[in-house]
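Visitor: Okay, predicted coordinates and the sequence, questions at the end:
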Amino acid sequence: MKSNNKLFIAIVTGLVLGVALGGLVHYQYPESGEGFAKNIKLLGTIFIRMVQMIIAPLVFTTLVVGIAKMGDMKMVGRVGAKAMAWFLSASLMSLLLGMLLVNWLEPGKNTAVTMENVKSADDLVQNTHSFSLEQFVTHVVPKSIFEAMATNEILQIVIFSILFGIALSSVGKSAEPVLRVLDTIAHVVLKMVGYVMWVAPLGVLGAVAAAVAIYGFDIWKLYANYLAAFALGILCLWVVLLSVGYLVLGNRLWTLLRRLASPLLIAFSTTSSEAVFPKLTEELENFGCDPKIVSFTLPLGYSFNLDGSMMYMTFASLFIAQVYGIDMPIEKQILMLLVLMLTSKGVAGVPRASLIVVVATCAMFGIPPEGIALILPIDHFCDMARSMTNVLGNALATSAVDKWEAKEV
């Protein structure tokens, strides 16, 4: 626990230094802002890449070992059903919350659309041509486990690992040597997690300094209404998640939150919920969750349970409609919500996935997708909040499933 506290302090120090250094460059040496940001961001890139290199082996080994050790395929089905019930309920609640808040607060009313902003969204608009049923299927079903691992396609790795784990379990005693090897590899990779996490403070410093050096602090004033409304939405989502978490976990919720301090701060600073996957696995096991439940539920959560991103999708889509003065009756909004519920499940791990889904959905409902450019300048700050919320949602989901499963035994 002392080591965890030291890491948290180091990360906070990196965050503060990043804000100070970025602010200094932005206001004192504005002509050097972009060059400085490009170079200092490499610290964050190094950290993210170090984490990414261990995600595939960690997901594969822990999930296969977890399923094989369960032995009882009824237990696998039972745990999977409980996890999916939580994921779908949380996703629907998050989408609905975003829809209600954006209708109530109307942050997009009386906003001027400028052509300068519209041009900056060309790359995202071009990405929508590939959004189809075919693209969804090919993204979910792997054609090669090695390709899936090379590109860190978590959902594809999960599908292969589940099938491999079930097959390994059905083989019986002859599979024990393979199981022991994979179990050993999983423990080695988890040991690597501890080493990699000490690079996190430098990664946080680099990511935050780069963002502040480019945007400065004025960006908060420019988009005050949007950011305030989105922050309120995230706060409401946290209240709902923590309330449900307390109903399930009781006073143990506060112990869990103390365990999550470092992962939440890393996710907030680096805008990557993926970056904390290994650390989150470790902390949930230290919290007392069954490693078999963690190794099965958490990877699924990263594909199906991104609560912060889900709320953002309805919020941003309807915000753009408000900006352009497009009337969206309630039945059309509910249809959009259901479409987002489906399309968002196939994009886990895709860079800027939330933005791309928003653009594709806007095009589908007659909303100018170019409007995404209006929120691009502050998307980094929104991504900080939604990444942290994704981590909280998955931690609560895994802890809840573990608690429910313990009652079955």
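Guide: Noted; the coordinates are in hand.

Visitor: In the stretch 101-250 of the chain, where is pLDDT below threshold?
Guide: Filtered on pLDDT under 70, the stretch 101-250 of the chain yields the residue ranges 110-139, 154-155, 218-223.

Visitor: centroid residue for the chain?
Guide: For the chain, the residue nearest the mean C-alpha position is Ser273 (4.0 Å; Cα atoms, centre = their mean).

Visitor: tell me the phi and psi of that one?
Guide: The phi and psi values for Ser273, taken as degrees, to the nearest 10, are phi -70, psi -30.

Visitor: what sits against the nearest residue to it once chain neighbours are set aside?
Guide: Counting by Cβ to Cβ, 6 or more residues apart in numbering, Ser273 lies nearest to Asn390, which is 4.0 Å off, once chain neighbours are set aside. For the C-beta atoms, the positions are set from N, CA and C on the backbone; glycine is no exception. Neighbouring residues of Asn390 by Cβ atoms under 8 Å, 6 or more residues apart in numbering: Ala267, Ser273, Asn305, Leu306, Asp307, Gly308, Ser309.

Visitor: thinking the residue nearest to the centre of the chain is in contact with Leu306, fair?
Guide: Yes: Ser273 is in contact with Leu306 according to Cβ atoms under 8 Å; the separation is 7.2 Å.

Visitor: before we move on, back to that, the contacts of Asn390: which two are farthest apart?
Guide: Within the contacts of Asn390, Ala267 and Asn305 form the most distant pair, 14.2 Å apart (Cβ to Cβ).

Visitor: hang on, the earlier thing: using pLDDT, spot the least trustworthy of the contacts of Asn390.
Guide: Among these, Ser273 carries the weakest pLDDT, at 74.

Visitor: which residues does that residue contact?
Guide: Ala267, Tyr302, Leu306, Ser387, Met388, Asn390, Val391, Asn394 are the contacts of Ser273 under Cβ under 8 Å, 6+ apart.

Visitor: List buried residues within those.
Guide: Ala267, Tyr302, Leu306, Ser387, Met388, Asn390, Val391, Asn394 (16 or more other Cβ atoms under 10 Å).

Visitor: Columns distance to Ile157 and secondary structure on top of the contacts of Asn390, output as a markdown table?
Guide: Putting these into a markdown table (distance: Cβ to Cβ, whole Å; DSSP: H, G, I helix; E, B strand; the rest coil) gives the following:
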| residue | distance to Ile157 | secondary structure |
| --- | --- | --- |
| Ala267 | 20 | helix |
| Ser273 | 16 | coil |
| Asn305 | 16 | coil |
| Leu306 | 17 | coil |
| Asp307 | 22 | helix |
| Gly308 | 22 | helix |
| Ser309 | 19 | helix |
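
Visitor: Find the helix or strand that Trp86 is a member of.
Guide: helix 73-105 (DSSP states H and E).

Visitor: how far does that helix sit from the chain's center?
Guide: Relative to the centre of its chain, helix 73-105 is centred 15 Å away, using Cα atoms, centre = their mean, to the nearest Å.
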